[in-house]
Every structure is written in structure tokens, then in C-alpha cells.
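Q: Kindly return the folded structure for what I paste below:
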Amino acid sequence: MDLEFGRGARSPKRDSWKTTLLLAYQSLGVVYGDLSISPLYVYKSTFAEDIQHSETNEEIFGVLSFVFWTLTLIPLIKYVSIVLRADDNGEGGTFALYSLICRHANVSLLPNRQIADEELSTYKLECPPETADKSRIKVWLEKHRKLRVALLIMVMIGTCMVIGDGVLTPAISVFSAVSGLEFSLSKDHREYAVIPITCVILAFLFALQHYGTHRVGFLFAPIVLAWLLCMSALGLYNIIHWNPHIYQALNPSYMFKFLRKTRKYGWMSLGGILLCMTGSEAMFADLGHFSYSAIQLAFTSLVYPALILAYMGQAAYLSKHHDFYSSSQVGFYIAVPDKVRWPVLVLAILASVVGSQAIISGTFSIINQSQSLSCFPRVKVVHTSEKIHGQIYIPEINWLLMILCIAVTVGFRDTKHMGNASGLAVITVMLVTTFLASLVIVLCWHRPPVLALAFLLFFGSVEVLYFSASLIKFREGAWLPILLALILMAVMLIWHYTTIKKYEFDLHNKVTLEWLLALGDKLGMVRVPGIGLVYTDLTSGVPANFSRFVTNLPAFHQVLVFVCVKSVPVPYVFPAERYLIGRVGPPGHRSYRCIVRYGYRDVHQDVDSFETELVETLATFIKLDASYRCSAASEPELVEAERERRLTVIASNPLRDRASYDLQDSVQHSAASTVEMRAGGAVGESPGAGAATNSAAAAAAAKQVRFLIDSDVASPESAAVEKQVAEELEALAAAREAGTAFILGHSHVQCKPGSSLLRRLAVDVGYNFLSRNCRGPDVALRVPPASLLEVGMVYVL
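A: Residues are numbered from 1 along each chain as shown. Modelled structure (predicted):
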């Protein structure tokens, strides 16, 4: 469903200041919901157990200093100033960094790469390959497979932690907002009110995911804007009313005084302080929906000052109040005046819902991207908006997240354990981003390795400090993201390993073109009416599942198309560049190859639009191929085998140039003229068509297609070619009217005799369990059940 392509497909020219202001306002609801609600739980998590708020105020001043400099170094300097520039055609996030690295160095583990992919408009390089110096790091990565596997595992770890954050952030955000009820309820009733209300809000939030966010998305930005202004006003009030000199605590010396006094316990409390930058990764991950200047403007002019004022205001209040009956009272609501506590509570709950929505949508997006790398089992992806590209919903993941969120809320029951768990997930993703960004600096930006090393050591050392403080809380909640990551890593590694092995099996067991051509001469072999779409992961050759199909049922369709749906390391593929079409055999065999390319943020098309576009592109290819054959008639050195290996980009826009590519990855540019083709999914009308199918009015319900043949395609010297084109188009139209069958392999995987116990557990048990309990390839490819033919295949790996 190629509707819009986000900001990644925007014009490279700079936006006007009005557009930038509008995007900055809209980004508040999408990007900054999670970051803006962190003041609800930072101080409460920090003072939960490790340190006490004393009369000297050294603890609160030290924590404020840590919060200020952490927000300045990580979100402001690292993300806004540096990492946001490492975008992939306007897209951000872990997969965007990995995609950039894969394009500038041969480190991708996806097996079906082609030279033709590098000609995509979105496959842009920072520097032309012939002018880029081959750094030692690039040589090491390309030479050693273990380094490439380690890089993919690091991306998987970051992905697992983002999914873990999708479980923990909604729980801690909504729980912290609802905990404001504690001040209006007795001690005995708090536990029986806060937990149930939190669970009800979470269940309601996940139940609404099916409808998409575009219907209520216009409310997100006003809610977050109101919340930021509310925090700023409360912060200014507390600073002026309680401690106007609180700004002195921003001095870095208070951090050292804090650590000198609290020692080990102060270091352990950093696990709560790091929650102040929760949501920083969202600035980068959601870059595709907004421009760099808009996100930078919103953060520097509004979000950053509001957060600093909120933390300073809480610290100013706490510096004058020390008589709390428990350290858990050192929270956000204690500094809110009684007269405005209820309005602030309602606004906080709304802001926490908006912040949770952002991370839930991000979880859906990153799982969809994981599927494109063959790193996650197939799930059903639903496009919730017909106008906004990228808004998706995954039913099974949604309900699984809801169950885990409610389980975390009921199981932990306090901010301390939730904060420890959330903090470890957040800081792990940041460490992965820091490492990948340092590789981008060397491989993509071609900066000196010393600069990348300085970036890695400076920001990495800060994040490692917080990571160690979170890891020490393993028994106090930090075990949860580690457990979730281990389970998800096992699933992703098993799925990716077995998928690659299945591809290698298909590659070694594919049959030759000669075998396919010889089928027509066999006694009893029948060509039945219709189009047969044989799905395969191979970009060349005839797949083994088709040979098995023909061996058991000696018949195949009049028009045969081998379809390969593949992912390329770019965020989007424009519709005009999506299809690569080629022949399999001579024109009279009516067999073709179609490679359909998607980016890691693309959503697959509906089957009706795909089938219609496929027929259109095949018709256009037939006409263009006639031009190729006419132009090649005077080139006897261009043998038939070379013509059959050629693939052609067929654009949906007839004004776009076509380029042809050889299957052996040698690029050949064609100067063939463009041919206009008109086709209709139901009825296509082409006045003056040279070839058309005869359709009766009574058969209006059947699919009818008419094609226009340009008289310029065939020269007077090649009347035979023109006649052949007319016959081929008539055969294609008749096959479309007869119907389309989708032929997919239904696979069972087993290990070779003598395989290790670990491999047998991973393949025989793990993969087969996942494949039986996840969506089938027919659902992922949106194949209608009535037109599905499944061929049983046993893979011995």
C-alpha cells in the first residue's frame, strides 16, 4: 500500500519557517511524549532506597546536578547535535544506522543482494564508492564474517531492548501518573485503587490500538504542550516560592560532593537518575515523520527548558521539606500545590497515555523492520491509515504487550522495581546507538577514526557508568529486561539462522532453465489457463518447490511468473522502482521473473493492487522487450542466454526512464523508448488498440484487460516481432481473465543426521514450533485463501 513515504521522501530543499514551526508543534505529541513525563518518576526512583534525603540537601543538589548534565550531554549534545544527522533518507533509529552501514560496507547477511538495488533513488551514498577511501575498519568488517554476525547481534540486542521498553514504559508511566491518588486516599486504600486503575487504563490503551492513532493524533500535541507548560509553571512557582538560589546546584561540583558522601549507594542511585533521558531515542527513531530542524527546534526551545524547570522546581521544594514519613514520598506530586493537584493529575494521566502510545507504535514499527531482515517470525501487519504511511498495527504483538504490561504492574507494584527494569532497557539501546553511530562516522561520513573513537569513548563512558548502576539492580527489577531480551534474542537468532539455511538449501537445489524448457516436450504435461505466481526467495533459477509441484501434478499455468519478494537496505522503495521484470526462457514459453523490492519501513501491498500492478508491469515489459530484441537484432554477439538473464525496472510512471540489469549483476542501461500501457483491474478501455481481448457484455463480472500497443515499438523490418507481441499480450489478458493462482511452499525443517544437540534443539524444536504458531507466508504476503496452492517441502539442513 504505497500511499505516502513520510518525511524520508521529502524534497531535499529546506522547509520554510512556517512548515518547520508546524512540524515542531506536531512532533510534541509523537516524539516527546515519553521524555516529557519522566519527571513523574525520576526523583521517586532515585530516592527509593539507596540514598536518603537529608537536612544538608547534598543528596538533592547532587541529583539535580546529575539530571541537568545528563540531559545536556545525552539528549541535547549527543542526539540533537550529532546522531540526528545520521539519518537514512530522513529516517532514524537502530535499523537506519544499520542500513547506512550495510550500504557503505558489505556487511549485510541478507543473501539475495543485487547490483540493481544500488540504483534505487533511496540507495544514496554519502560519498561515491570510487572516491571513498577504504578504511581498515571497513576491510575488517567485510573480511571477517564473525564481525558481521556480531554487528547483527548488536542490532538485535537493541531491538530486543526497544521491545522490552514497549512493555515497561507504559507500565511505569501510567502507574506514576495514577500514583498521585495516594495523596487523596488513606494508606489502606492506596494499593486497592492505584493498581486496578492503572491496569484499566493500560487495557483501554491497548484496546484502542486497532483503530490507529490518526483519529485522535491531533489531540496528542496539545496534551503534551499543555503538560510541558504546566510543568514549567509549577517549576517556576516552586523555585520562586521555596528556593530562588536552586540554580547554584547546577554546578558540576555538586555531583562530586554527592558521590563523595553517598559512595557506593550514590553510584547505585544513578539507575534512577538515568530515567530522566527516557525517550531520547524516540527523537531519533521518529525522525522520519518530521524534519531534523523541527525536532531540534522543539527540543531546544520548549522541551529541554521545561524539563530543567520541572526538575529544578521539585528540587527547590524538597530542599525546604525533609519531614517525609517514607522516601517514596519524594516524588512529583509532593511539590504540586493542593489547589491544582487534581487538574495536574488528570493532565499527567493524559500525558502518560500519549507517551505510552509513542513507544507502543515504535514497538510495532521495529518488529515490522525486524521481519524485513528475516529476524522475526511472520506476524500480521495492518495498515491503520490510508493517508499516513507507516502507521501500522500488529494484533498478536499488541495483546502480548498488554498482558506483559499488566503483569509488570501487578507484579512489581512500585516505581522502584519498574524504574530499575526500564532504566536498563533504555541505557542498553543508547549504548547500541552510540556504537553504531561511531561506525557511521567512519564508514559513511568518512571522518578520521580518531574522531569516531572520541565520540565512542566520551558518550560511551557516560552511558557505561549508568549501565553498570542499572545492572547492579539485577535482583531488584533489572532481571526483567534481561529475561525478555534473552527470550527475544533466542527467537530472532533461531528464525534468522534457519531462514538463511533454507535459502542456501533452495540455492543448491534449484533446477536449471533447460529442465523447465524441456517440460513442454514431455508427454502428458499440460498448460492450464490462468496466471501462476510461484513465490520463491531466489532471484535466479527455478525453485525446487516448483519442480516438486510439477513432478506430482504434471500441469502448470499458461502464464508462469516466478515472484521474489525481497527487502533492500533502504527505508522506502518508490512504486516506480519496485518491480524488476525479466524472462525465463524464450518469449513463446510465457514464463517470467518478477522481483518485488520493499524497504524496511514499507508495508506490503494488498493482493488486489499487487495483482493489477503485476499484470500492468508484465505488459509493459513485453513491449519493452520487443524493443530490446529489435535493437539487438544487429548484434549477433548478444546471445539468447544473455537476453534471458536481463531484468528491467518497470515503472508505474510512464515518464520515468527504464534501466535493465543482468542477473549476473552486470548493469546494462537501455535506451529503449517508453511505451504507454493502459490496463484496468475490471475493464480497461484503449481506443485503437492493436490487440485486445474479445469480451462479451454477459461476462462483465470477469476480469478484463486490454493493452495498447504503440506503433513505434515494432519497425517495418520487424513485423514478426510486432505479431509476437500482440499474441503475447492476448495470452496475458486471457490468463488474467481465467484467474490467478498463488503457489507457495509449505516447509518442514529438520536437521541432518549427526547434527549437534544445540542445532537439533534450535531447528527441529525451536524453528518448527515458531513456524507452526506464527502467521503463514500466505498471510504475510496477503494471499487470498481461495487462490492459494501450497506445495509441501522438507528442508534437511
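Q: then stretch 148-160 to PDB, C-alphas only?
A: Output of stretch 148-160 as PDB, limited to C-alpha atoms (Å, rounded to 0.1, in the frame of the first residue of the first chain):
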ATOM      1  CA  ARG A 148      29.400  -9.100  10.600                       C
ATOM      2  CA  VAL A 149      27.400 -11.600  12.700                       C
ATOM      3  CA  ALA A 150      28.400  -9.700  15.900                       C
ATOM      4  CA  LEU A 151      27.200  -6.400  14.300                       C
ATOM      5  CA  LEU A 152      23.800  -8.000  13.500                       C
ATOM      6  CA  ILE A 153      23.600  -9.500  17.000                       C
ATOM      7  CA  MET A 154      24.200  -6.000  18.500                       C
ATOM      8  CA  VAL A 155      21.300  -4.600  16.300                       C
ATOM      9  CA  MET A 156      19.200  -7.500  17.600                       C
ATOM     10  CA  ILE A 157      20.000  -6.600  21.200                       C
ATOM     11  CA  GLY A 158      19.000  -3.000  20.600                       C
ATOM     12  CA  THR A 159      15.800  -4.300  19.000                       C
ATOM     13  CA  CYS A 160      15.000  -6.600  21.900                       C
END
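Q: average model confidence for it?
A: On average, the pLDDT along stretch 148-160 is 92.
Q: cool, stretch 51-63 as well?
A: Per-residue pLDDT over stretch 51-63 has a mean of 84.
Q: buried residues in that stretch?
A: For stretch 51-63, the neighbour count (16 or more other CB atoms under 10 Å) marks 51, 53, 57-63 as buried. Quick note: C-beta positions are derived from backbone N, CA and C, even for glycine.
Q: try stretch 241-251
A: Buried-residue list, stretch 241-251, by 16+ other CB under 10 Å: 242-243, 246, 249-250.
Q: roughly how far out does that stretch sit from the chain middle?
A: Put simply, stretch 241-251 sits 43 Å off its chain's centre (CA atoms, centre = their mean, to the nearest Å).
Q: now stretch 160-176
A: Centroid displacement of stretch 160-176 relative to its chain, using CA atoms, centre = their mean, is 18 Å.
Q: Pick the one among the buried residues of stretch 241-251 closest to residue 369.
A: residue 250 (39.1 Å; CB to CB).
Q: nearest spatial neighbour of the closest one, skipping sequence neighbours?
A: Distance criterion CB to CB, 6 or more residues apart in numbering; nearest residue to residue 250, sequence neighbours excluded, is residue 68 at 5.0 Å.
Q: Show me what the one helix or strand the one you found maps to is packed up against.
A: For residue 68, the element it lies in under DSSP states H and E is helix 58-71. On a contact count with 3 or more CB pairs under 8 Å, 6 or more residues apart in numbering; DSSP states H and E, helix 58-71 meets helix 42-46, helix 253-262, helix 270-273, helix 304-318.
Q: May I see the buried residues of stretch 373-380?
A: 373-379.
Q: packing partners for the helix or strand harbouring residue 620?
A: Element membership of residue 620 [criterion: DSSP H and E] is helix 607-631. When contacts are defined as 3+ CB pairs under 8 Å, 6+ apart, helix 607-631 sits against strand 555-567, strand 579-583, strand 591-598, strand 646-650, helix 719-738.
Q: The next helix or strand after the longest one to helix 607-631, inter-axis angle?
A: Just to be clear, that refers to helix 719-738. Helices and strands here follow DSSP H and E; after helix 719-738, the next one along the chain is strand 740-750. Angle, strand 740-750 to helix 607-631, by axes from the mean of the first three to the mean of the last three CA atoms, to 10 degrees: 100 degrees.
Q: What lies in contact with strand 740-750?
A: 498, 502, 530-536, 543, 545-546, 549, 557, 611, 763-764, 767-768, 771, 776-778, 781, 783-784, 787-797 (CB atoms under 8 Å, 6 or more residues apart in numbering).
Q: List only those of the residues you listed flagged as buried.
A: Buried, going by 16+ other CB under 10 Å: 498, 502, 530-536, 543, 545-546, 549, 557, 611, 763, 767, 771, 777-778, 781, 783, 787-788, 790-791, 793, 795, 797, out of the contacts of strand 740-750.
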